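> Model the following, please.
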Amino acid sequence: MPRHLSFAKVNRCAAAKQKKVNIYTSQLSSASSSIHETYTFISRKQGFSAHGSHVTTKTSASSVQLVEAMDSSLMTDSHTNHNFSDFTGADIETECLETEDNHKCKCTAGDHPLLSWKVECNTFLLELLQHDGQGDYMDLCVCRNCSFGHPEFRCMDCFSRELFCSLCIVALHSRNPLHRIQKWTGSLFVSLSLKQLGLRVQLGHLIGEDCLLPQQAFNDDFTIIHTNGIHEVGLDYCGCDTAQTHTTQLLHAAWFPATTLEPRMAATFQILEQYHLLSFESKASGYEFYHAIARLTDNTGLHPHKDRYEAFLQMVREWRHLKMLKRSGCGHDSTGVEGTREGECAVVCPTCPQPGKNLPDDWQEAPDDKQWLYTLFRAISKDGIDPGLSCGWAYFVEETAYKSHVQQYSGKPQEKSTCSSHNAVNMADMKASQGLAAMGVGTIDCARHNMKLPNGVGDLQKGKSICVDVLNVSYNIACQWHKNLWQHMSTMPTHLQLNHTSKLVCFFMLKFHLPTHILKCQSTFSFNFSKNVGRTDGEAPERGWSNINPVALSTKEMGPGSRRDTLDDHFGDWNWKKSIGLGATPLRKMNEAHEEHRAHASTFEELNEALAPETTAGWRACVKHWEENPNDASVPNPFETRVSSNDPLLHPDISPSMFITTEIDLESEQQKTVLVWQQNALQHKVDAWKQVQLLYTPTAQFWIRGQSANTRAQNALGQVEARAAASAEKYCMAHAALSSLAPVLNKVGWNLKFRLLNNRDDVRGMMVPRKGESEGRQQLLWIWLVEGVGDDKDEVVQDGLRVEWCKAHARMMHWKEEIELLEEEMHHVLRFLQWHALWWDNRAHLHALTGAEKEGVVAYATRQAHLRRDLSAKFETSWARYITAPPSLCTTVIV
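Below you'll find the predicted structure:
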């Protein structure tokens, strides 16, 4: 055994600090193993104390002198008269544990719980094996419960593995009829069911009460699927005159019947709830889960149960549907399930503006410069025998009307894209998609908060086909999609049409997808340049696919109704998790927005001061005019260059990012191309791409013919590099001269603005961001912020300064807008939660019920109301730093 040392030479008046030292040293008795001792030192200015704590084996460690780590003269062993020099050859690791203010430090590599466990591995193994025998009860001769019977039965699910006689084990499990029982045969335990021991489960009565007219389950054959396995149960229904139906009796016992007529099996509420949550978090399929439960029952294959997989899936689907109805308050409505309206079961976004729910009553009377805070941000994305249980009640649209409408226009040819080669447009008529029931789903999401909208999901049949005053719509191909939107909308049912003439509808493209478009689209449909959008990026729906895509492994084998119900369920869970996570997300964004706004406001002020006021006044007027007319193509876009430089562009429409994206698309298409007509079409695309390749990758001349294009590209790059190098050299010479003259002329501080040029980082174009910088976070180089930068009368320079001034102004304003928008959204969330709590309070007494049913309905509604108030209180406390006043409540509660 190791020594437990206690070192004590402590200056009691000094400031204390704890440090843990892990010592690895060989045992005297064995060269192949070693001791791991942990000592906690309370060090002070003049000394320390140490207490030995833990021992474990470890392989040989490299030799390190302990005296190299600590002053051995301060280390005395009060128990064995040893000092730390005894541990010469030990491997020592130190770790700071706790400081004077009791702040625990992060654990280091010196903390190895596995090393501690390895020493006890044999103990763990023997204890594990002991459970296959009688253990502590091997000498028990009489059942301790009745002091009469022979103890030979034990329960695998009760806390104790104590042995009982057959009568006692049955009596003790009248309240736990789904526990697993084993019998000791004299040399081993064998499994058997409580039904085999004579246990009968009586429904319709309190436990312990006998029924005068018990009715056995059909053929006395009833199966229960529970979290610990599949069980055969001896089941009796109540046959009294006042008895309820067999289905109701099972539901009273929290057992979910597989059928409503003479059920022969059921699943417990616990296992349905367990799989429900597991499917959300791990995306485990019903097949995997059911067969894992089956293996808990029999993992040998010697005693297989009848396959109940199909019945289990049906019960899971019904359970999901019921939970959706329950959470949306349908059980509290006097009209029942039949009165459910389209979209009513969806978990709505608490942050998006919803009149009557989370907006103040006078929101329409807000000043003009604040009306934008009530803007809706919407983003569009894609990626008979089996009827759907919810007919458009949640996220999927009502299927019959939707399919009928799509079918009317399925034969019309798709207009080709005039922007980049978007597959969603140009490949909408691909023959490879024919014969598929659905190519995927298209969704409409909350663009800022990544939540699915009620009735915002529909199956894609061919390509992708979608009460406030301002609506911002984002789509990765909005530049093409918006062109004929209003014309197509006029053919839709009246209740789906939008009166766009009385509203301001703006179209945007997702920020991540923006660089793949032509330059004209990048400035026209960018969130980065438009007013009143804050820091919205529109990518919310794309982020959601990472959560739902794994479900495709299961849904691709489902019927259409089951598929829609399953996806509805997953979308609902996604929205719920987003809702309860709203406390942290806005807070993180608000902290970031304040920091970024300060940085960008400072940068813009520097740039603005370096330019002539009369110049910036004209630029400001252009920006204002463009922002006030967002849908007027005749208004000049201030974020576009108007003067072309003498440097020839490599390609007028195809940017480098578009060039790379096209290459990836062609490679993917090449792998899928099979038919001759597809190969011919692909070859034309490849030939066109090769010509552009010569411009961006001149070395391709060794593989592709086209010397003229290659020469033009090399000349263009050479001209740009030569001009940049010459300008940098001229500046460096001037800076060196000023450095020599400054001491003579007594000039100080000049080098704060005119810094030493870094050729690697500072010599780059005005519009070229640093590595990793996005457009919305880009900071101008210091060389464009110095006094006199606007004195250069070159048209190209002036045009570049104008564009960069407009962009710097937009960045500053967007971060300011984000702060305002986040604060308003915090108020939206608090108002919504308070409204929803009142909604549940009113819901509790809508349904005219009596007895236990009424009590359950009221209890559930009360719990939901308390939950919303608790969330509101938690969020309000978290956001107290930024919420200047409590939100005003809506006076009207929509029921």
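> Ignoring the adjacent residues along the chain, who's closest to P454?
Leaving aside its sequence neighbours, P454 sits nearest to G343 (Cβ to Cβ, 6 or more residues apart in numbering; 3.0 Å). Heads up, the C-betas are built off the backbone N, CA and C, glycines and all.
> Quick check: the gap between the one you found and R843.
17 Å (Cβ to Cβ, to the nearest Å).
> try I271
Look at I271 and R843: by Cβ to Cβ, they are 29 Å apart.
> same deal with E120?
Taking Cβ to Cβ, one finds E120 at 55 Å from R843.
> More neighbours: these two, which one.
R843 (22 against 11; other Cβ atoms under 10 Å).
> Is that one in contact with S334, as I believe?
No - contact criterion Cβ atoms under 8 Å: R843 and S334 do not qualify, at 10.7 Å.
> low-scoring stretches of the stretch 551-700 of the chain, by residue?
Applying pLDDT under 70 to the stretch 551-700 of the chain picks out residues 644-682, 684-685, 689-700.
> do that again at 80, thanks
Scanning the stretch 551-700 of the chain for pLDDT under 80 picks out 552-557, 559-561, 631, 633, 642-700.
> in it, which spans are helices?
552-555, 560-580, 584-610, 613-628, 656-672, 676-696 (DSSP state H, counting those that start in this stretch).
> same for the third one, what does it pack against?
In this case it means helix 584-610. helix 795-843 (3 or more Cβ pairs under 8 Å, 6 or more residues apart in numbering; DSSP states H and E).
> just how off-centre is the helix it packs on within its chain?
Relative to the mean C-alpha coordinate of its chain, helix 795-843 is positioned 22 Å out (Cα atoms, centre = their mean, to the nearest Å).
> Also stretch 547-563?
Centre-to-centre, stretch 547-563 and its host chain are 19 Å apart (Cα atoms, centre = their mean).
> gap between the two ends of it?
Distance across stretch 547-563, first residue to last, is 16 Å (Cα to Cα, to the nearest Å).
> Now do the same contact list for the residue lying closest to H179 once chain neighbours are set aside.
Nearest in space to H179, with sequence neighbours left out and distances taken as Cβ to Cβ, 6+ apart, is D157 at 4.2 Å. Residues in contact with D157 (Cβ atoms under 8 Å, 6 or more residues apart in numbering) are N176, H179, R180, N228.
> for D157, helix, strand, or coil?
Following DSSP: H, G, I helix; E, B strand; the rest coil, the label given to D157 is coil.
> cool, T300 as well?
Applying three-state DSSP: T300 is coil.
> What count of nearby residues applies to it?
T300 has 7 nearby residues by other Cβ under 10 Å.
> ok, it to A726 distance?
For T300, the distance to A726 (Cβ to Cβ) stands at 83 Å.
> burial measure for G336, as a count.
Applying other Cβ under 10 Å, we find 11 residues neighbouring G336.
> can you pull out the helices in the stretch 51-200 of the chain?
Along the stretch 51-200 of the chain, the segments classed as helices by DSSP H, counting those that start in this stretch run 113-119, 121-130, 166-172.
> In the first one, which residues are buried?
Which is helix 113-119. L115, V119 (16 or more other Cβ atoms under 10 Å).
> On the three-state scheme, H305 is what?
Here H305 is coil, with the state taken from three-state DSSP.
> Same question for N472.
strand.
> Pass me the low-pLDDT residue ranges in the stretch 201-350 of the chain, would you?
Using pLDDT under 80, nothing in the stretch 201-350 of the chain is flagged.
> where do the strands sit along it?
Secondary structure of the stretch 201-350 of the chain (DSSP state E, counting those that start in this stretch): strands at 201-202, 214-216, 222-226, 229-233, 235-238, 255-257, 265-268.
> With distance to I444 added, can I get those strands in CSV?
Shown next, in CSV, are the strands of the stretch 201-350 of the chain (distance: least, Cβ to Cβ, whole Å):
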stretch, distance to I444
strand 201-202, 49
strand 214-216, 52
strand 222-226, 38
strand 229-233, 42
strand 235-238, 48
strand 255-257, 34
strand 265-268, 35
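> Could you check how far the residue nearest to P454 is from P214?
Between G343 and P214 the computed distance is 47 Å (Cβ to Cβ).
> give the contact list for H570.
Taking Cβ under 8 Å, 6+ apart, we find H570 in contact with S279, F280, N547, I548, V551.
> one more time with 6 Å
Counting by Cβ atoms under 6 Å, 6 or more residues apart in numbering, H570 makes contact with I548, V551.
> could you check the distance from it over to F280?
From H570 to F280 the distance is 7 Å (Cβ to Cβ).
> just to revisit the earlier point, closest one to N499 among the strands of the stretch 201-350 of the chain?
The closest of the strands of the stretch 201-350 of the chain to N499 is strand 255-257. By Cβ to Cβ, the value is 47.0 Å.
> So what does P177 have for phi and psi?
phi -70, psi 0 (degrees, to the nearest 10).
> before we move on, the earlier item: can I assume the residue nearest to P454 is in contact with N455?
Yes - G343 lies in contact with N455 (Cβ atoms under 6 Å); the separation is 4.4 Å.
> Give me the phi and psi for L453.
Torsion angles, degrees, to the nearest 10, at L453: phi -90, psi 150.
> From what I see, it and G442 are in contact.
No - at 11.8 Å, L453 and G442 do not qualify as touching, with contact defined as Cβ under 6 Å.
> the residue most distant from the middle of this structure, which is it?
V744 (62.6 Å; Cα atoms, centre = their mean).
> Return the distance of A734 relative to L611.
Distance of A734 to L611, given as Cβ to Cβ: 22 Å.
> of these two, who's got more company?
Per other Cβ under 10 Å, whichever of A734 and L611 has more neighbours is L611, with 20 against 12.
> Show the pLDDT at the residue nearest to the more buried one when sequence neighbours are not counted.
Closest residue to L611 apart from its sequence neighbours, by Cβ to Cβ, 6+ apart: G790 at 4.3 Å. Turning to G790, the model gives it a pLDDT of 71.
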